[in-house]
Structure formats: structure tokens, C-alpha cells
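Peer 1: coords below, sequence missing:
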């Protein structure tokens, strides 16, 4: 039988106790459910707030990325503007004086991004879900809610004040930008109004044929166009030479800072910062040289287009930047380019399709600094400075230099013809030549010589050794097989070096084959020069008629150039004479960029020849207080990469002398046919090395290529070192 619960007092107490436990458990479960529900609601509110914050953060980051992209686009646009200097010049109208009488209204104000207000934060992004009435009775839940509410309010206030500060900063920058624009616009209007009266005066003076008015007219033409980039200075000075119908213009160029140093901006989300990415040095240098070339071509374009009356036959343009002189520290002009161009040559160009640097240097024969970012200057001739443009009268004491009657300077007319010389006598002559150069020599027997005509021993204990020499009395060109046989002969005899001496010439294949090998080729022209340098006699073929050397020399003014006749190009004889301080003749073989290909292209007293004897420095002689140093240039044998030969003089560095101490200085160039040109360089105390003249290719690489001679007369204050550095020679 089942047991019944007690119905007595104890049973009633037990039932009451069970009811209390049940009610307490229900209350506990209700409270737990309320807590869980509150936490779920709180998490939901937090998720909503977080979603709003993430959207705000995403919007902020996108704004920063957009700002970085905008600033990068500004950099790209700035470079594109620089690279479009010439294109804008070609597309614009030509200058006419009447244009100055019409004042153009400045472009309207455009605030750009500064016109966009900074957005304020939305309070809904910071919403905190309040607890229910039941949850609010719990002190812990209410405390959590109040803490979260205070934190959200603090974040909102912080972001709101930050946005207000950014908006105030925007308004301040906008006001400054507007003030700058208003000032610029007022200046534009004032300048346009001020041009009207001078324009009328200028037109009247031009009609009267005033020389000064012509220069002023073209200066005004260059300053008229306002679509140049702001960073490009529009400063120019002009000088008009009516006799030559030549306009000389000195034009200021932008400095290296015109090319942006940065290539782009990048927003970094991780640490909320904007990173700057630098433009590569190579790209920046390339852009800068292109900008300089475009500036020059545009200036020439505007000058010739402004010449409606056909006044100009030619223009000389010198481009410079304002920079400190490394010798004095004073700010002055550093010339980075120079070009002289005839109207017909310039108008023949298709400027919308040219590569600017190549057009300026190769097409027009101009000079552009190879390192303009380092302010490596180029020598210029005539400038727009009236004082510098004045050509001094030749000094009475500077009589024409006497030309030697014979190639060795003896004047006795008994030089032997090397072509007609007995073979054994020719070998003896070659042996004597190397004997006078400091070697111990002997000739071999006619039979059993095993391909060797002369054996020379260099007595130097460190660099010395045996040298085998072949002497070939040929006409025409030496066959390449003879050159290859020389190397085999050298190896067979165990010699350090092999030399092939001939009265003929060598082809490109032979000269290329010996590169990097211990072989030296001496052609006929070099042989004659070496013989004369060491007091020996010899000529190639019949003696030239004495009258060919008696033609009077044509005087050249600074900056003047002349075409060299083809008949004179077989060999140009250069001589520099002076009294007073000691001066040395120096020659440099330069590429189209005005730089040497290597140190071997620097011809001076320690390195007397270059390009396989195409340029050779002679010995210095002295008579009656006047020293004379000579050199020979053979343009036809120069490598195609060599576009210019710079003929320079430098003072003795140990003496501290300068070019102002030169007396009776004179440079004379004689061609093979006897034509002569002379130039009296200025006695300039500010320099101790001077580019006196240059022989250069005009229209290089075209069927119209000719060689020209230009008188220069510009120099360097730091002497031979400055001369060398300016043309790319490495100075230790």
C-alpha cells in the first residue's frame, strides 16, 4: 500500500517550504532571463553602434585615400604641364604688338577641394540602447548603461570638435587662397593696363628702325604669353645685331626644383598616416633636361613667329639659371644650354614630332648640359650683354704666326717621302723613333725575323718588358689579317705588347679587333706626327706646295663660327701662342652632350693623343719670349660618337696664374689646303682655364653634315680641374 504524505502540521510546513522554493526559483529564472535579454539587447545595440563606427571609419579612410590620390594626380598634372611646354607654345597664337593693347581678364577663382565643407559626425553613430524598466531596477545593469552612455557622448564630442577644427582650418586656408588669387588677379589687370602705352610707343619705334626697339620688341614677345608654368621664369634680355641680322637672347631657365621630388602620395591605414614616395633621381634628371630643351625650343618658336617683318636671319639663345658660383659664392648666371640657329633650319623642323633634347643637340647643333641638376655649365659665345658682345680690335703685337715650311719645322725642305724610302731604312727609322722614346731597340735580319722587324725593350723594372714591332711601308689600308698575325707573333715571342707601324691606314674592323688586347696600331698620319715630335723627318707622298700655307688667316670674333672646307679636313693644324704666364694647350673629344666618353678623350701634356691618333698634341717651343704649342686634328678619322673637339688652354696650376696674365695670345687653325682662321682670346683675370675654340659636326649623321669652327673664349675659375669636370672627366 502506498505511503501517504503527512496531513499534519509537519506536512503543511513542508508544503509551504516547497512553495517558497518554487517561487524563489521562478524569480531567479525570471531575473536570469531578464539579464540575458538585456545583454542580448546591449550586444545588438553595440553591434549597431559598431556598424556605424565601421562605416564612419571606412568613410574616413576612403576620404584619406581620395586625398592622397588627388595630391598624386596634382603631381602627375604638374609633370605633364612641364612636358607640355613646347606643345602649348606651338598651339598658341603668334605675338603682335596690338595684342598688348587688349587687357585680358584673369581666369575666375576656383577654390577646388577647399570649397567642400568638412562633414560633421552623425549622433546616431554613437547611440546606446537603454535598459528596460525591469533591467533598470538592477544597479549593476544601470551602472553599465550609464558608463556606456558617457563613453559614447565623449566620443561624439571629441569627433564633433575635431570636425569643427578641421572646418575652421579649411575656411582659413580658403581665405588665404582667395587673398592670394585677388592679389594675383589685381596684378594681372594692372600689368595688362600698363602695357597699352608702351605697346604704342614700341610700334612707332619699330617703324622708325630703332635697334633698341627691335630688342625690346622680342623681349616683350617672350614675356607676352601667360600660359607658361608658374615655376618657369619669363626673364629674357635681347641684343640685336642689324649687320648680321642676328638676335642674341639670354633667357633665364627654371632650376632643378621645378621637377617635383615626389612621385606620389600613399595613405597607410595601419597607422593612419600619409606616406610620401620619392621620384627616382634618374627620372627627375631626365624630366629636367627635357624641360630645359622644351623651354629653348619654345623660346625660338615664339621669336621666329613674332618676326612678322622677317628681321631675323638667325637667333643665338643662351639659357641660364641663377645659382651661386662655386668659386666665389656669389649668385650669378650658370649657362646650361646654348644654340645658334638660322631661320631656314628652324622652320624646316617638324616640332610637333621631335624629341626635344635630340632636336636641340643633334638637329640644331646646340649644347645642353649633361648634368644640369649639378649646374654643370656649358661654354657660350656671344651673349646679350652689350659689354660682352663688343669685339676688341686685334692687338698690334699679335702678328700672324709663321707657319713652318716643312712638317718637322726645319724649313730645309729635305723631308724624306716615307712611301719611297728603302724598306730597311724605314725599319731603321722606326727603330730610331722608339729609341728616342726611351726604349732599347734593334732591327732583325731581313730573313728569319719570324714576322718581327724591330724588337724593343722597355727598361722600366716594373712596367717594362719586350715589345715586338712590325713596320709596314704600305699605301691604302692594311689588311685585317696582318693585324691578327701581329697578335700571334707577339704570343710566339712571349712579348708583353705588339705594335704595327705603317704608312697606310687601318679599317674599323682592325681597330675594333685590337680593343682589349695588348696591341697598338700606328697609322701613317700618327707616324709622321710622332717623327716630328721626336726630331725626325718624314712625310707621306709629295711635298705640298709652299703657297698652300701662305693664305692669310680669317679673324674670328667671340661666338662667331665658320664652315670648314672639305679640302681642309684631312688635317687641321692648331697652334696657340702667348707671352707672359705659362699656358698649356688641352683638347677634349666630346659627344653630342658635351661630355667625354672616358678619360682617354682628355688630351693634355700627360696624355698627348686620343682616338688612335685622330687628335694629337705636339711639343711646346719657345722663341723670343713667346711660347707656342701645337696640335693636330683629323676630323675624318674621328669616331662617329665624337661630335666636338674642345680646344682649351689652362694656366700652370702651381704658379697661381690666371688668363688675365696672357700677353699676345693667339689661336690659329690651319686646314690641309692652307686655309687659316685666327682668334684672339680675351685676357680674363677671372678664369685660369679657357675654352678658346671648338671644332664640331653640324647636322651630325645627316647627308648635310659639315664640320665647323667656333671661336668661344669662356672659362673656369678653378682651372684645369674645372675644365675637366665640366666635360665629364673624372677628377680624383
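Peer 2: Perfect, I can see it now. Remember, predicted model here, so these are calculated numbers, not experimental data.
Peer 1: shaky segments in the stretch 551-700 of the chain?
Peer 2: Counting by pLDDT under 70, the stretch 551-700 of the chain has low-confidence residues at 551, 622-625, 653-655.
Peer 1: break this structure down into its structural domains.
Peer 2: The chain breaks down by automatic domain parsing into domains covering 41-83+104-192, 212-384, 418-533, 550-726.
Peer 1: continuing past the helix or strand of the chain with the lowest mean pLDDT, what's the next helix or strand?
Peer 2: When the helices and strands of the chain are compared on mean pLDDT, DSSP states H and E, helix 386-389 comes out lowest with a mean of 55. Going down the chain from helix 386-389, the next helix or strand is helix 423-436, by DSSP states H and E.
Peer 1: quick check: which helices or strands does that following helix pack against?
Peer 2: Packing contacts for helix 423-436, counted by 3 or more C-beta pairs under 8 Å, 6 or more residues apart in numbering; DSSP states H and E, involve strand 440-443, strand 454-458, strand 465-472, helix 524-533. (C-beta placed from N, C-alpha, C; glycine too.)
Peer 1: residue 173: which of these is closest?
Peer 2: For those, the distance to residue 173 is smallest for helix 524-533, at 71.2 Å, taking C-beta to C-beta.
Peer 1: by how many degrees do the closest one and helix 423-436 diverge?
Peer 2: Orientation of helix 524-533 against helix 423-436 (axes from the mean of the first three to the mean of the last three C-alpha atoms, to 10 degrees) gives an angle of 60 degrees.
Peer 1: buried stuff in helix 524-533?
Peer 2: 524-533 (16 or more other C-beta atoms under 10 Å).
Peer 1: next: stretch 333-352.
Peer 2: 333-341, 343, 345-346, 349, 351.
Peer 1: what's the mean pLDDT across that stretch?
Peer 2: For stretch 333-352, the mean pLDDT works out to 91.
Peer 1: hmm, back to that, tell me which of the domains of the chain sits most buried.
Peer 2: domain 550-726 (a mean of 19; mean count of other C-beta atoms under 10 Å).
Peer 1: follow-up on the earlier one: let me know the closest of the buried residues of helix 524-533 to residue 57.
Peer 2: If you rank these by distance to residue 57 using C-beta to C-beta, residue 526 comes first, at 78.5 Å.
Peer 1: average model confidence for the helix ranked longest in the chain?
Peer 2: When the chain is parsed with DSSP state H, its longest helix is helix 9-83. Helix 9-83 comes out with an average pLDDT of 77.
Peer 1: what packs against the helix or strand that that helix is followed by?
Peer 2: Sequence order places helix 85-91 as the next helix or strand after helix 9-83, per DSSP H and E. In terms of contacts (3+ C-beta pairs under 8 Å, 6+ apart), helix 85-91 is packed against helix 281-306.
Peer 1: rewinding a little: of all the buried residues of helix 524-533, which two lie farthest apart?
Peer 2: 524 and 533 (15.0 Å).
Peer 1: tell me the SS of residue 641?
Peer 2: Of the three states, residue 641 takes coil under DSSP: H, G, I helix; E, B strand; the rest coil.
Peer 1: for it, give me its contacts.
Peer 2: Counting by C-beta atoms under 8 Å, 6 or more residues apart in numbering, residue 641 touches 591, 597.
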